[in-house]
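Q: Provided below for reference: sequence and predicted model.
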Amino acid sequence: MDVLLIKEGFPLLSFLIFFPLAGALVLLAFPKESFAKLWTLAVTVITAVASLPLLMDFDPATTKYQFAEFHHWIPQFKINYILGVDGISILLVILTTLIMPFCVLASWNYISRRVTPFMFCLLIMEASMIGVFVALDFVLFYILWEFMLIPMYLLIAIWGGPRKVYASIKFFLYTLAGSVLLLVAIIALYLKTGSFFIPDMMWQQTSSLFQILVFLAFFLAFAIKVPMFPFHTWLPAAHVEAPTAGSVILASVLLKMGTYGMLRFCLPITPEATLLLAPYILWLSIAGIIYGGFTALAQHDMKKLIAYSSVGHMGFVTLGIFVLNTQGVEGAIMQMINHGVTTGALFLCVGMIYERTHSRELSKAAGVGRYMPWYATFLVFFSLSSFGFPGTNSFIGEFLVLAGTFEFSTPLALAAIPGAVLAAAYMLRMLQKIVWGGTDNPDQSYLSDLSKREIVILTPFLLFVFWIGLGPQPFIDLIHPSVANLLEQLQQWQHHQVALLTLP
Amino acid sequence: MDAVSTTNIVENSNLLLAVIIPLFGSLVVMTLKKNPNLREAVSSCASVLLFLIVLSFIPALKAGKTLIYPLFQLLPGLSITLRADGFSMIFALVASSLWMIAVFYSMGYMRAHDEPCQTRFNACFALAIFGAIGVAFSDNLFTLYLFYEIVSVCTYPLVAHHQDQESYDGARKYIIYLTTTAKFFLLPALILIYVLVGNLDFPHNIFTGIIPTDTKSWVVVMLYVFCIFGFAKNGIMPFHHWLPGAMVAPTPVSALLHAVAVVKVGVFCTTRTMLYVFGVDTMHALNLGIPTAYFVGFTIIMASVIALSKDNLKARLAYSTVSQLSYIILGVAMLTPHAIDGGLIHIVNHAFAKITLFFCAGAIYIASHKKYISEMSGLGRTMPFTFGAFAVASLSMIGAPPVAGFVSKWYLLVGSMEAHQIGILLILITSTVLNVGYFAPITYKAFFGKPPAGEAAVGIKEAPLSMLIPILIAVTVSVIIGIFPGFMMQFVQMVTG
C-alpha cells in the first residue's frame, strides 16, 4: 500500500462520489420539478467547487495516488474500498465535475417531461463517473463501471429521440458485451495475484499467453467504450437519440473511460501484450481517424457528424497512448480533455439549434448565422478548436500526439495527417452551412439569438478552449510525472524481461 | 552576416500593439453597424495608427537591433512570439501602407456600388490585415502558421461577400485549397521539424537555418517540398486555382488581399521558411535552390500564357499575379545575394503596381460597368487618369524604367547571371515579353482604339475622387520607389547583409 498517499481528515474523493448520490436520494423525497432543477444545479455546482481543492492541493512532484482513502469492505475476498487520484485521472475528475452543472443548465428547458427522474439520473451518473476515475480496487471499479450504464440507458431510452429504443438497447448491449469480458479478466487476475488492489496487479511477471488474453479482454471492453473503429457503431445511434445533456456526458466523459482504462490497466497490467500488440492498435487507430473523418464528411445530421468526428478524435487519443512515449501519452491525455471541452460544447451548440428548429438536419439549419450572430461566433470558435486550429486547445493535443507519433515512426504519423485534413473539411463544411448556407436557405428570420442562460453555458467552454490552447503548461505539469513514471516502469519492465531472456 | 549578438535583441511591446490594432479595430467596427461614417473613421484611424507604429520600428532596426516580443509559451520550444527585423519590415511596411490606401478606396467603391453587409466587409478586412501583420512579425514557424491560418479563415467571408452561387463556389475552392494544403503539408512539416530540432524559432541570419546538419537528406528534402506546397497562398502551380476563383470578391478585396495581403503572406511565408528554416547553406548543400527556381519558372511562363488568353480584366490580373509571385520565389531560390535582393524587393514593387492595376479595374467597373478588356477600347479618353495610372503600373509589371518593377528585374537578371543560369535568364526575358503581350494591348486599345458604336451616349465619366486619389497615390509610390529604391532596399540589405 506504499503507493497510496492516504489523506487524513476530510475524505474529499468519497464526498465527490457520495454527495451527488445523496443529492439524488433527496430528489426521491422531494420530487417537485422546479425544486428538482434548482437542487440538481446546486448539487452539481457544489460538487464542482468541492473538486477544486483536488487541483490546488495536488502534488505534481509525487507519482503516488493522492487524496487516497482505504477502508476494508469484504475482507474474505480482499475487496476493499480504495480511492485515489494521480496525474492520469485528476484532469478527468475535474472535467467531469465541471461539465455537470452545464449539463443541468442545458436541460433547463430542453427536458419538459419527467424532469425529476431526469435530474435523478444525471446525479447518479455523476457519482458513478467520478467513482470510475478514482476507484483503485477492481471490484469497486467494476461495480461503478457497470452501474453507470443504467442511468445512461435511461437517459437515452426515456428522453431520447424517435429511435430511442433501438439506440439505447444497442448502447447497452455493446457496452455490456465488453464489460462481461472485463469481469472475466478481473477474476483471472485475482486468481493470479490474490488481490483486487489495482496497483498490486501492475508489472507482474505472468506468461505471455495469459497477458495476451487479459489484454484482449481489457481491450475489447475499452475499445467499445472509446469507441475504436470497428466497435463504434453504437455511438452515432446513441448520440443522435440522446438528449443534449446525454450527448454531452457521453462525448465528454463516457468515451474517456475507454482510453482511461487503456492507460490505467492495459499498459501496466499487461505490458508484454501491450508491446506486442501496439503496432496493430496503432494502425487500427489510423483506420478510425480516417474512417471517422470520411464518414463525418458525408453526414447531413449535425449530431451524427459530431459523433463520427468523435471516432476520429478518439483515434488520435489511442494513437497517442500506444506510441508509448511521453509526448504521445501526454498528448493523448490532453486530447481527452480537449475533446471533452470542444465536443461537449459542440453538442450543446447543436442542442441550442434543435431547441429552436426541432431538427438536427444541416440543411434546416442553413444560414442561421445571419439571425444568430452570437451563436455563430461561439460555433466558429468551437469548430476551429475541433479541427485543431493553432492557438486552440485541440491543437496542443494533436500536436503532441503527432510529435510523439513522428518520434515513433514517420510513415505512421504521415498516415494520420489525412485525418487532420478531413477534420478541417467536415468542420468547415458544417460551419459554412450553418453560418452562411447557400442561395436557397430556409427562412430563419423567426430565430432568436442566444439567451443569457445559453451564453453563460457556452462561455466557460470558450475560456478553456483558449486557456488550454495558449497556456497548456500548467495542465501538462499536472499529468507529466505520472505519465513519465508509467513509461519509465514500462521501460524497466522491458529491460527486466530482456535480462531474464538472456540469462543462461 | 554573422548571427546577431544577443545584446542586439530588444524586447519591444509596440510589436504587440501593431498586431492588436487591426484586431481591435475590427472588433470596434463590428459594433458600429448603424453608424457607417464612424465605422469607416475607425478603420481609417486604425490603418494610420498601424502604419505609424510600423514606421516607429525603423530607427531601432537601422541601429542594427532586432525587436522581439514573447506572447505565449505553449510548450518548451513552441511559443507565440513576435519579431521585427529587416525581413518582416519589407512586408509590414507594404501591408500597413496599402491598408491605409485601400481603406479609402473601398469606402468609395463600396458606397458607390451600394454593397450590402459593409460592416462585415470592413471587420473581416481588418482581421485579414491582423493576420498579415502577424505573419510579418512572426518570430517562429508556429506563430507564422497561426497567423497564416487566421488569414485563410478571415478572408473567407470577403470572398463569399456577394452570397450568390458564384461567390460561394469561389469561396469554397478558396478555403479548400488553402486549408487542405496547410494541413496536409505544413502541419506535418511543422511537427517533424519540432521533433527534429526541439524548437521552431527562426535564427537571426539567412545562412544557418535550424535543421540539424546530420538530418538525413531525404527528410530535409521532404520537409522543404512540404513547406513550399504548404503555403499555397504563394500561388505556385499546381495549387494556384484558388486565386482566379477568389476574383469573385469585390474589387477592393481582390486589390488588397489578392494582390497584396493574402498572396504576399504566402510568398513571405515561403521565403521566410526557405531562408530562415532551411537556410542558404543547407539549400546549397542539398542543391535545393536551382531546381526550385526552374520549378517556379514554369509557373511564371505558364501563368503568363494563361493571362494572355483571359478577356476578363480581373482574371488577367489574377494570372499575372500568379506569375509575378513566382518571381519572388525564383529570386530567393537562386540563393545569390543579388537574386535574393531582387526577389525580396519585388514583394514591395509588385504590391504597389498590382494594387494600382486592381484599383483601376474597380474604377473602370464602377464608372462603366465593364469587366471585359474587349469592351474597353476608347475608354482611356473618357477616363484618362485611371488609364494613365494603369499604363504606368503595367510598365512596372513589365519591368521598364523608371518604375519600381525595373529595380527588381534588374536585380533578378544580375542574380541569374551570378548564378550562371542561362535558363533562368531566358525565363525572365520570355516572361517580360509575355508581360508586354498581355498588358500593352489594354492601354493601347483604351487610348487609341475606337469606342463601340453608340457608346458616346452612355455618358461614362471618370471614377469618383475617393477612388481616383488612392489610385494616384499608389502609382506615384510605384514611380518614387522606382527612382529612389534606397528606402526599401535598406531593409532587403539587412536580410542579405
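A: That came through fine. Numbers count the residues shown, from 1 in each chain, chains lettered A, B, ... in the order given.
Q: C-alpha from now on. contacts and neighbour counts both.
A: Noted.
Q: can you list the residues of chain B near chain A?
A: Along chain B, the residues adjacent to chain A under the rule CA under 8 Å from any CA of the partner chain are B:72-75, B:145-146, B:149, B:163-165, B:168, B:176, B:179-180, B:183-184, B:188, B:191-192, B:194-195.
Q: Now intersect those residues with the helices, please.
A: Among these, DSSP state H puts B:145-146, B:149, B:165, B:168, B:176, B:179-180, B:188, B:191-192, B:194-195 in helices.
Q: For the chain, which segments count as strands?
A: You didn't say which chain, so I picked chain A. Counting by DSSP state E, the segments of chain A that form strands are A:4-6, A:65-74, A:79-85.
Q: You answered for a different chain; I wanted chain B.
A: B:9-11, B:66-75, B:78-84.
Q: rewinding a little: which of the strands of chain A sits most buried?
A: Per-stretch averages of neighbours, counted by mean count of other CA atoms under 10 Å in any protein chain shown, single out strand A:79-85 among the strands of chain A, with a mean of 23.
Q: residues in contact with that strand?
A: Strand A:79-85 is contacted from outside by A:4, A:13-14, A:65-74, A:133-137, A:139-140, A:195-197, using CA atoms under 8 Å, 6 or more residues apart in numbering or on different chains.
Q: do stretch B:70-77 as well
A: Contact partners of stretch B:70-77, identified using CA under 8 Å, 6+ apart, comprise A:469-473, B:79-82, B:194, B:198-201.
Q: Same list, these, but as JSON lines with neighbour count please.
A: Putting the contacts of stretch B:70-77 into JSON lines (neighbours: other CA atoms under 10 Å in any protein chain shown) gives the following:
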{"residue": "A:469", "neighbour count": "24"}
{"residue": "A:470", "neighbour count": "22"}
{"residue": "A:471", "neighbour count": "20"}
{"residue": "A:472", "neighbour count": "21"}
{"residue": "A:473", "neighbour count": "15"}
{"residue": "B:79", "neighbour count": "23"}
{"residue": "B:80", "neighbour count": "22"}
{"residue": "B:81", "neighbour count": "23"}
{"residue": "B:82", "neighbour count": "25"}
{"residue": "B:194", "neighbour count": "21"}
{"residue": "B:198", "neighbour count": "14"}
{"residue": "B:199", "neighbour count": "20"}
{"residue": "B:200", "neighbour count": "23"}
{"residue": "B:201", "neighbour count": "23"}
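Q: Can you tell me which of these is nearest residue B:466?
A: Using CA to CA, residue B:82 is the member of the contacts of stretch B:70-77 that lies nearest residue B:466, at 34.9 Å.
Q: returning to what we had before: including mean pLDDT, could the strands of chain B go into JSON lines?
A: Formatted as JSON lines, the strands of chain B follow (pLDDT from 0 to 100):
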{"stretch": "strand B:9-11", "mean pLDDT": "85"}
{"stretch": "strand B:66-75", "mean pLDDT": "90"}
{"stretch": "strand B:78-84", "mean pLDDT": "91"}
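Q: Would you tell me which of the ones you listed gets closest to residue A:277?
A: strand B:66-75 (30.6 Å).
Q: In its sheet, which strands sit next to the closest one, and in what direction?
A: If you go by DSSP bridges, strand B:66-75 pairs up with strand B:9-11 (parallel), strand B:78-84 (antiparallel).
Q: Near chain B, which residues of chain A are found?
A: Taking CA under 8 Å from any CA as the test, the list of chain A residues beside chain B reads A:389-391, A:399, A:402-403, A:406-407, A:413-414, A:417-418, A:420-421, A:424-425, A:438-439, A:469-473.
Q: Could you measure from the residue in the stretch 251-400 of chain A that chain B sits nearest to over to residue A:414?
A: When distances are taken as CA to the nearest CA, the stretch 251-400 of chain A approaches chain B most closely through residue A:390, which lies 5.4 Å from it. The spacing between residue A:390 and residue A:414, counted by CA to CA, to the nearest Å, is 19 Å.
Q: which of these two has more neighbours?
A: Higher neighbour count among residue A:390 and residue A:414: residue A:390, with 23 against 18, using other CA atoms under 10 Å in any protein chain shown.
Q: just to revisit the earlier point, dump the strands of chain A to TSV, plus mean pLDDT.
A: Shown next, in TSV, are the strands of chain A (pLDDT from 0 to 100):
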stretch	mean pLDDT
strand A:4-6	81
strand A:65-74	88
strand A:79-85	90
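Q: between those, which gets nearest to residue B:469?
A: Distances from residue B:469 to each of the strands of chain A were compared by CA to CA, and the smallest falls on strand A:79-85, at 68.4 Å.
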